[in-house]
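[1] sequence unknown, structure follows:
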C-alpha cells in the first residue's frame, strides 16, 4: 500500500515530510487508543512489558479464566481418547488403523505436554510501518509478540524468534523467563526501519523457521503477508512439522481508501509514486475490488496450507481479538 498526502483542490499535491515512507495516512507521532506512542523507539522494553502485563495480560486472565492453552492445541504425548472425526479437526491426529476397521474416520485426542516451545517468525519489512493515527502495524506486531511470549514464559514455557526485514536478520534461540521476553522486545525496538527495500519475499523467513526449529513447536508467523508469491509451499511444509498460526496484520485503509481528494501515493518498499484522485468513486471501487481479491487469495493460501489465521487490525482491540480467536478454536475442537 502506498502513502497518500492530501492537497487542496486545484493545487498540485506535495509530498508530506515523514520519518519513513508509510503505507497509509500516518505521521508516526501519535498515541494509540491505549495511550501508547506509535513510535516504539520512545519506550523501553521494561516499560512496554509492565504495561502489557497490567493492561493486556490481566484482562486476558479474566476473560480466558486462566485457560491460556485454549489459544493452541498443544502437543500430545499420551493418548487420551478416540472419537469420530468432525469437520475442522486436525487431520494430523487421524487414526488411520481405527478408521479402516470402523469404516468411519476417527481422530486421536491427547493429553497435552506441560512444556511448550513457541517461535515467532516476525516480518519487519517496510510495509509494517504503515498505519493510522491509532497505531502502526509494527506496534501491533510488538504488542502481540510481547503478550504471547509473556503469557507462555510465565507458565514455564520457552519462546524464540526469527527476525526478517529485507533478509533474515537474526535468530533468537528459545529461552524462558521474563528476561527472554525483554530480549525479544529489545530486539524489536532496536531493529532499524528500512527507508527502502526490495519487495518483500516471505519465503526466506518461513524457510529460516524450517531450518532453525528442530523440535515440534508452536509457530506464530506475524506479518501483513504483502509478499511476492512462493511462500505458500514452505508454509505448508512448516505446518506439517509444527502447529502454525498465521497472525495477519492489516489496516482499514488497505481495504478501503478514504475520500480525501488528490493525493500522491508512495510504495513503502520500492519508493514508486502515483498521483490519484480519491474523490473518484470508480477509483475507490477498483481499489476495494483489488483488496478483496487479495483477501480471497490469502484465505485460500492459508486454507490450502492447513493454517488458521488470526487477523489483527491497527484499529482493533488486541485482547478481544485474542479471546475471540481462542473461542473459535475451542468450537472447532468439539
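    Yep, it's here. This is a predicted model, so every value here is computed, not measured. Numbers count the residues shown, from 1 in each chain.
[2] Tally up the residues packed near residue 324, please.
    Residue 324 has 14 neighbouring residues, counting by other Cβ atoms under 10 Å. Just so you know, the C-beta spots here come from the backbone N, C-alpha and C atoms, and that holds for glycine as well.
[3] if I look at it, how far off is residue 285?
    When distances are taken as Cβ to Cβ, to the nearest Å, residue 324 and residue 285 turn out to be 30 Å apart.
[4] what sits against residue 250?
    Residues near residue 250 by Cβ atoms under 8 Å, 6 or more residues apart in numbering: 137, 224, 311-314.
[5] who wins for most neighbours among those residues?
    In terms of neighbours by other Cβ under 10 Å, these top out with residue 137 at 28 neighbours.
[6] While we're on it, how confident is the model there?
    Per-residue pLDDT puts residue 137 at 95.
[7] What of residue 264?
    Residue-level pLDDT assigned to residue 264 equals 88.
[8] any idea whether it is helix, strand or coil?
    Recorded secondary structure, residue 264: strand (DSSP: H, G, I helix; E, B strand; the rest coil).
[9] measure stretch 165-184 end to end?
    End-to-end span of stretch 165-184 (Cα to Cα, to the nearest Å): 15 Å.
[10] Please enumerate residues in contact with it?
    Contacts to stretch 165-184, defined as Cβ under 8 Å, 6+ apart, come from residues 45-46, 49, 117-120, 124-125, 145-146, 149-150, 153-154, 156-163, 187, 191-192, 194, 197-198, 200, 204-205, 208, 212, 217.
[11] Helices of the chain, start to end?
    Defined through DSSP state H, the helices belonging to the chain, from first to last, are 45-52, 58-64, 96-102, 137-153, 178-190, 203-212, 232-241, 281-305, 318-333.
[12] and these, which is most packed in?
    Ranked by mean neighbour count under mean count of other Cβ atoms under 10 Å, those are led by helix 137-153, which reaches a mean of 24.
[13] low-scoring stretches of the stretch 201-334 of the chain, by residue?
    Using pLDDT under 70 as the threshold, the predicted model of the stretch 201-334 of the chain has low-confidence ranges 330-334.
[14] What residue, apart from its backbone neighbours, is nearest residue 298 spatially?
    residue 225 (5.7 Å; Cβ to Cβ, 6 or more residues apart in numbering).
[15] Near the one you found, how many residues? Count them for me, please.
    Other residues within reach of residue 225 by the criterion other Cβ under 10 Å amount to 23.
[16] which residues touch it?
    Residue 225 makes contact with 202, 231, 246, 248, 298 under the criterion Cβ under 8 Å, 6+ apart.
[17] Okay, and which of those map to strands?
    Secondary structure of the contacts of residue 225 is defined by DSSP state E; positions in strands are 246, 248.
[18] what's the most distant pair in the contacts of residue 225?
    Of all pairs drawn from the contacts of residue 225, the one with the longest distance (Cβ to Cβ) is 231 and 248, at 12.8 Å.
[19] So which of those two has more stuff around it?
    When residue 231 and residue 248 are compared on other Cβ under 10 Å, the one with more neighbours turns out to be residue 231, at 23 against 20.
[20] May I have the phi/psi pair for that one?
    phi -80, psi -10 (degrees, to the nearest 10).
[21] how near is it to residue 127?
    Using Cβ to Cβ, residue 231 is found at 14 Å from residue 127.
[22] Using the record's assignment, carve this structure into domains.
    Using automatic domain parsing, the domain parsing of the chain gives 40-75+114-333, 78-112.
[23] picking that back up, quick one: which of the contacts of residue 250 sit in strands?
    Using DSSP E, 311-313 are the members of these that sit in strands.
[24] count of neighbours near residue 167?
    Neighbours of residue 167 (other Cβ under 10 Å): 12.
[25] repeat for residue 117
    When neighbours are counted by other Cβ under 10 Å, residue 117 registers 22.
[26] Quick check: chain neighbours aside, which residue is closest to it?
    Closest residue to residue 117 in three dimensions, ignoring its sequence neighbours and counting by Cβ to Cβ, 6+ apart: residue 217, at 4.5 Å.
[27] now do residue 123
    The spatially closest residue to residue 123, leaving aside those adjacent along the chain, is residue 223, at 3.5 Å (Cβ to Cβ, 6+ apart).
[28] how close does the one you found get to residue 231?
    Using Cβ to Cβ, one obtains 9 Å as the distance from residue 223 to residue 231.
[29] Return every residue with contacts to both of these two.
    202, 205.
[30] So residue 226 sits against residue 126, correct?
    No. Judged on Cβ atoms under 8 Å, residue 226 makes no contact with residue 126 at a distance of 9.9 Å.
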